[in-house]
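K.L.:
3D model of this:
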Amino acid sequence: MKIVSIIIPCFNADRWIQEAIDSCLQQTYPHIEVIVIDDGSTDHSLDIIKRYGDRIRWESNLNRGGCYARNRGFALSIGDYIQYLDADDYILPDKIAKQVEILETSGADAVYGDWRYQKHLPNGAVFLDNIQLGGPKANFLESLLTDSEWIAPMAFLFTRAAVMRSGGWDEKLRTGQDRDFFISVALSGAKFHYQSGCESIYRRYGNVTVSTSSKSRWRNGHFALMQKTEIKLAQLGQLLPSYRQALAHSYYEKIRADRTNIDYSQYHWVLKKIIALNPDFKPANTKQGYSLLQKLFGFEQTELIIRFVKEAIES
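P.N.:
Down below sits the predicted model:
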């Protein structure tokens, strides 16, 4: 049987890392190696990791970010299949066995399933939320470019060859790293297969996420990966109209809810980028008044009018 390498980047996750590692060691699929890369933790994470002795492989480095830790774990790995698992998440016992079977019978390069949030409330209550359905995608790359249907990273299992062809995780990005990695896998020609059923748990705790802690950093990270993707698609001769539309939609969704808090020059740049990608761009799910304004003034002027009105109301 083929080996599965489970790679866990860890930074200050002493509250969760034991459950993450245990969920890997409790897999019903017997041929696994667990690799934990401690990314310069300053809490007790490394002490907990060391307790596992030779049941896992581990390495501790200076803090260089999760993408570096994932790439380093992959460099140390020997598995034919690769599972990435964040230190504050965990997987259910049959996850690896079920997905290995799918990869070996379908000929796919990556398989993904459903997942659910485990929420931790300030009052100490813990509960599993509704299952999030990954669902089959007619065009997996297009869904990634649109960025309308997020899939939790631990819900995937990759072949080693697919990770190799992708070039790995972009260590320069500080937000959107998982989306960028999945796009890189898709751009390498990988075939994705959907597996129904929930075998992955994504933990949510506290009120701060990457997007809420710094919306500008979150936006800039996504803008960077979208520009990178557009260039790559053009180089491959694959910047199709559907992909241009998907990218335009993604740019718009990153600004529509926060128009007045975006620097004007960047806001104007995004509008120009959307038009360049799709001169006939029409936002989805807008009110009737928006559609009327767009008919009269066009997309760019409509957006500028709306921003002006919102700024006047908020001032």
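
K.L.:
following the helix or strand containing Val185, which helix or strand shows up next?
P.N.:
In the assignment (DSSP states H and E), Val185 maps to helix 177-187. Per DSSP H and E, the first helix or strand lying C-terminal to helix 177-187 is strand 192-205.

K.L.:
so what strands line up beside that following strand?
P.N.:
With DSSP bridges as the test, strand 192-205 is paired with strand 90-91 (antiparallel), strand 110-120 (parallel).

K.L.:
find the nearest non-adjacent residue to Ile17, please.
P.N.:
Ala87 (4.8 Å; Cβ to Cβ, 6 or more residues apart in numbering). In this view, the C-beta of every residue, glycine as well, is placed from N, C-alpha and C.

K.L.:
quick one: contacts for that neighbour?
P.N.:
Contact analysis of Ala87 by Cβ atoms under 8 Å, 6 or more residues apart in numbering lists 8-11, 13, 16-17, 20, 36, 45.

K.L.:
same check on Asp147?
P.N.:
179, 222, 250, 253.

K.L.:
tabulate the residues you listed in JSON lines, adding columns for neighbour count, secondary structure and pLDDT.
P.N.:
As requested, the contacts of Asp147 are exported to JSON lines (neighbours: other Cβ atoms under 10 Å; DSSP: H, G, I helix; E, B strand; the rest coil; pLDDT from 0 to 100):
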{"residue": "Arg179", "neighbour count": "22", "secondary structure": "helix", "pLDDT": "96"}
{"residue": "His222", "neighbour count": "21", "secondary structure": "helix", "pLDDT": "94"}
{"residue": "Ser250", "neighbour count": "22", "secondary structure": "helix", "pLDDT": "96"}
{"residue": "Glu253", "neighbour count": "16", "secondary structure": "helix", "pLDDT": "92"}
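
K.L.:
re earlier: and which of the contacts of Ala87 is nearest to Gly189?
P.N.:
The nearest member of these to Gly189, counting by Cβ to Cβ, is Pro9 at 26.3 Å.

K.L.:
for the residue nearest the centre of the chain, give its distance to Leu247.
P.N.:
Centroid check for the chain by Cα atoms, centre = their mean gives Asp178 as the closest residue, at 3.1 Å. With distances taken as Cβ to Cβ, to the nearest Å, Asp178 is found 18 Å from Leu247.

K.L.:
can you tell me which residues contact the residue nearest to Arg64 when sequence neighbours are not counted?
P.N.:
Closest residue to Arg64 apart from its sequence neighbours, by Cβ to Cβ, 6+ apart: Asp39 at 6.5 Å. If you count contacts by Cβ under 8 Å, 6+ apart, Asp39 has them with 9-11, 61, 63-66, 68-69.

K.L.:
mind redoing it with 7 Å?
P.N.:
Counting by Cβ atoms under 7 Å, 6 or more residues apart in numbering, Asp39 touches 9-11, 61, 63-66, 69.

K.L.:
format those as CSV; extra columns: pLDDT, neighbour count and secondary structure.
P.N.:
Shown next, in CSV, are these (pLDDT from 0 to 100; neighbours: other Cβ atoms under 10 Å; DSSP: H, G, I helix; E, B strand; the rest coil):
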residue, pLDDT, neighbour count, secondary structure
Pro9, 98, 24, strand
Cys10, 98, 28, strand
Phe11, 97, 21, coil
Asn61, 95, 12, strand
Asn63, 96, 13, coil
Arg64, 96, 15, coil
Gly65, 96, 18, coil
Gly66, 96, 21, helix
Ala69, 98, 27, helix
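
K.L.:
sec struct for the residue nearest to Ala186 when sequence neighbours are not counted, please.
P.N.:
Nearest residue to Ala186, sequence neighbours excluded (Cβ to Cβ, 6+ apart): Leu141, at 4.1 Å. Counting by DSSP: H, G, I helix; E, B strand; the rest coil, the backbone at Leu141 sits in helix.

K.L.:
residues near Leu141, how many?
P.N.:
Using other Cβ atoms under 10 Å, Leu141 is surrounded by 23 other residues.
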